[in-house]
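Enquirer: Just the structure for this:
(one chain, ligands or ions: 1)
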Amino acid sequence: MTAYEIENYALAEVEKLLNEVGKSLRDYSTMLYPDEAFLQHSCNRLIEEETSYDKVDMKTQHDRLHSNLNSEQFKVYQSIITSVNSQYGGLYFVYGSGGCGKTYLWKTLCCRLRSEGKIVLPVASSGITAVLLPGGRTAHSRFQIPIKLDQYSVAGINHGSDIAELIKKTSLIIWDEAPMQHIYGFEAVDRSFRDIMSSVDPKRKNLPFRGITVVFGGDFRQILPFIPKASRSEVVNASLNQSRLWDFCTVFLLLRNMRLGSGISHAHNKKIAEFSKWVLDVGDGKIPNIHPNEFHSNPEILIPRKYLIEDYISSVKSIIDVTYPYFTKNMSSQAYLKERAILTPTNAIVDNINSHLLEFIPGTSHTYLSQDSIDDVYGDIFYNLPVVPD
Ligand SMILES: Nc1ncnc2c1ncn2[C@@H]1O[C@H](COP(=O)(O)OP(=O)(O)OP(=O)(O)O)[C@@H](O)[C@H]1O
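Expert: Sure thing, here's the model as predicted:
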């Protein structure tokens with residue numbers, strides 16, 4: 001390559017990266033702009049990434065997963081594949097509590113479409129879930145959803161950018177943990193898709209997400225959108241099922257808990273099943289309020305003793321002992337650590353538990369700080385995205 005070509009290819013790549021965040025080299029008066037021909041010829045890294053899966057490997061994985069789908073999963077799988085093949089879109093919501101096989105279904109769908117060279121974009125509302133999806137990203141990062149949202153927001157996807165071209169070629173979007181996302185987020189993405197895909201088949205003009213099949217997943221009994229200081233009704237009104245998009249959604253239920261049966265004995269499985277039913281009953285509001293005759297906006301329920309650790313004197317130590325038995329012997333085992341977690345409602349309790357556990361770990365402890373606030377100096381937070389988890 002000549003020096004001229006190298007310079008222009010490099011500038012074209014920089015231009016594409018800037019386009020993804022709504023900027024351009026033209027915004028910087030001291031920067032050169034690449035020759036138009038290089039912009040058109042430079043490869044779309046995102047499309048390359050999404051079409052570079054090993055098709056044979058994907059097919060092998062798909063066949064294995066597909067052969068084990070249960071009847072509920074199979075029904076959803078068939079409907080979504082039919083919708084993708086029709087090329088006229090469809091919106092689906094897969095409603096299932098934890099362990100009902102949503103992630104398993106997503107993996108099967110991804111492998112099927114990727115084995116055919118099609119593009120599927122799995123996203124999740126939180127970074128933690130996004131990493132469980134094959135090739136997953138957070139919805140904010142993938143679709144450049146602004147952090148500050150209102151009913152008129154659009155995603156930051158520009159015409160002609162790599163991400164816009166990727167979306168035009170996308171067959172399926174899987175959006176996990178959808179109940180956590182504010183409706184303005186979905187609607188911003190829908191609005192942007194209609195805009196960037198305006199040149200795609202006019203028959204798809206009025207279809208949600210401009211005719212791309214989108215499957216949402218999650219459980220409305222779990223975490224709903226987080227709105228600081230919002231009332232219960234404000235949170236409920238910000239949930240996906242209050243959106244105009246919900247009218248287009250076909251809802252599927254996954255009721256069979258696939259985690260049950262993973263116990264070490266029949267008695268253990270029975271215990272897991274019993275606990276799982278109790279958790280679902282709490283979510284469904286079926287556990288009676290302990291103050292039935294009093295009006296309480298936050299009802300109180302009784303937790304059965306068998307689900308409690310009743311050491312009130314050294315409670316944190318007891319929780320650690322139950323969750324991490326023989327900790328020092330097992331602390332280097334990834335399998336041991338992967339199967340355990342202690343969930344707490346506040347960071348103060350996290351610190352307390354951490355300091356207890358750190359006492360058992362040899363060596364000096366170091367604190368690595370992360371950034372947890374956004375510098376809004378430019379007035380538009382979207383351009384300062386260092387904290388979006390991915
Ligand atoms: N059809 C299936 N055949 C065999 N195992 C399955 C099947 N479906 C799910 N599983 C297994 O059951 C467990 C729970 O499934 P999965 O993680 O997909 O559920 P989930 O609905 O995504 O749960 P969560 O919301 O808690 O993440 C996993 O270990 C998964 O591999």
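Enquirer: how close does S198 sit to the ligand?
Expert: 35 Å (CB to the nearest ligand atom, to the nearest Å). Just so you know, the C-beta spots here come from the backbone N, C-alpha and C atoms, and that holds for glycine as well.
Enquirer: residues contacting that residue?
Expert: K205 (CB atoms under 8 Å, 6 or more residues apart in numbering).
Enquirer: Which residues of the stretch 51-200 of the chain lie near the ligand?
Expert: Of all the residues in the stretch 51-200 of the chain, those in contact range of the ligand (CB under 6 Å from any ligand atom) are N68, L69, N70, Q73, G96, G98, G99, C100, G101, K102, T103, Y104.
Enquirer: do that again at 8 Å, thanks
Expert: Taking CB under 8 Å from any ligand atom as the measure of proximity, the stretch 51-200 of the chain contacts the ligand at 65, 68-70, 73, 96-107, 129, 132, 176.
Enquirer: What does the residue nearest the centre of the chain show for phi and psi?
Expert: In the chain, the residue lying closest to the centroid (CA atoms, centre = their mean) is A124, at 1.1 Å. Dihedral pair for A124: phi -140, psi 160, per degrees, to the nearest 10.
Enquirer: Wait, it touches G136, no?
Expert: Yes. Counting by CB atoms under 8 Å, A124 does reach G136; the two are 6.0 Å apart.
Enquirer: Show me the common contact partners of those two, please.
Expert: With CB under 8 Å, 6+ apart, A124 and G136 have common neighbours A130, D176.
Enquirer: Listing request: residues of this structure with sub-threshold pLDDT.
Expert: 1, 41-42, 261-263, 294-297, 371-390 (pLDDT under 70).
Enquirer: hmm, 50 instead?
Expert: 381, 384-390 (pLDDT under 50).
Enquirer: how close does the residue in the chain sticking out farthest from the centre get to the ligand?
Expert: What lies farthest from the middle of the chain is T2; by CA atoms, centre = their mean that is 43.8 Å. Per CB to the nearest ligand atom, T2 is found 52 Å from the ligand.
Enquirer: Who are the contact partners of S24?
Expert: With contact set as CB under 8 Å, 6+ apart, S24 has these partners: E15, L18.
Enquirer: now do 10 Å
Expert: Going by CB atoms under 10 Å, 6 or more residues apart in numbering, S24 touches V14, E15, K16, L18, M31, Y33, N158.
Enquirer: now that we have these, which one has the most neighbours?
Expert: Taking other CB atoms under 10 Å as the neighbour criterion, K16 ranks highest of those with 22 neighbours.
Enquirer: Excluding chain neighbours, what is closest to it?
Expert: D162 (5.3 Å; CB to CB, 6 or more residues apart in numbering).
Enquirer: Next, count neighbours for that neighbour.
Expert: The number of residues near D162, taken as other CB under 10 Å, comes to 21.
Enquirer: what do you get for H66?
Expert: H66 has 16 nearby residues by other CB under 10 Å.
Enquirer: Give me the distance between it and N241.
Expert: 30 Å (CB to CB, to the nearest Å).
Enquirer: Please identify the buried residues of stretch 115-126?
Expert: Going by neighbour count (16 or more other CB atoms under 10 Å), the buried part of stretch 115-126 is S115, K118, I119, V120, L121, P122, V123, A124, S125, S126.
Enquirer: Next: stretch 217-229.
Expert: Buried-residue list, stretch 217-229, by 16+ other CB under 10 Å: G217, G218, D219, F220, R221, L224, P225.
Enquirer: which secondary structure element contains the fourth one?
Expert: Taking DSSP states H and E as the criterion, no element holds F220; it sits outside all helices and strands.
Enquirer: Give me the spatial nearest neighbour of the residue in the stretch 151-300 of the chain that the ligand sits nearest to, chain neighbours excluded.
Expert: The ligand sits closest to M258 of the stretch 151-300 of the chain, with a gap of 3.4 Å, by CB to the nearest ligand atom. If the residues on either side of it in the chain are set aside, M258 comes closest to G101, at 4.4 Å by CB to CB, 6+ apart.
Enquirer: For the one you found, give me its contacts.
Expert: Per CB under 10 Å, 6+ apart, neighbours of G101: 68-70, 72-73, 76, 94, 107-108, 254, 256-259.
Enquirer: Restricted to strands, list those residues.
Expert: Judged by DSSP state E, the subset of the contacts of G101 located in strands is V94, L254.
Enquirer: my guess is L337 contacts N330, does it?
Expert: Yes. If you go by CB atoms under 10 Å, L337 and N330 touch, sitting 7.9 Å apart.
Enquirer: one step back: just the closest of the buried residues of stretch 217-229 to Y312, please.
Expert: R221 (29.0 Å; CB to CB).
Enquirer: Grab the nearest non-local neighbour of that closest one.
Expert: Of all residues not flanking R221 in the chain, G283 sits nearest, at 3.2 Å (CB to CB, 6+ apart).
Enquirer: how many neighbours does the one you found have?
Expert: 14.
Enquirer: Pull the contacting residues for it.
Expert: G283 sits next to S97, D219, F220, R221, Q222 when contact means CB under 10 Å, 6+ apart.
Enquirer: now those as a markdown table including distance to S153?
Expert: Shown next, in a markdown table, are the contacts of G283 (distance: CB to CB, whole Å):
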| residue | distance to S153 |
| --- | --- |
| S97 | 31 |
| D219 | 26 |
| F220 | 23 |
| R221 | 27 |
| Q222 | 24 |
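Enquirer: Now flag whichever of those residues is closest to E300.
Expert: Of the contacts of G283, the one sitting nearest to E300 (CB to CB) turns out to be R221, at 17.8 Å.
Enquirer: Go ahead and confirm that closest one touches C100.
Expert: No. Contact criterion CB under 10 Å: R221 and C100 do not qualify, at 11.9 Å.
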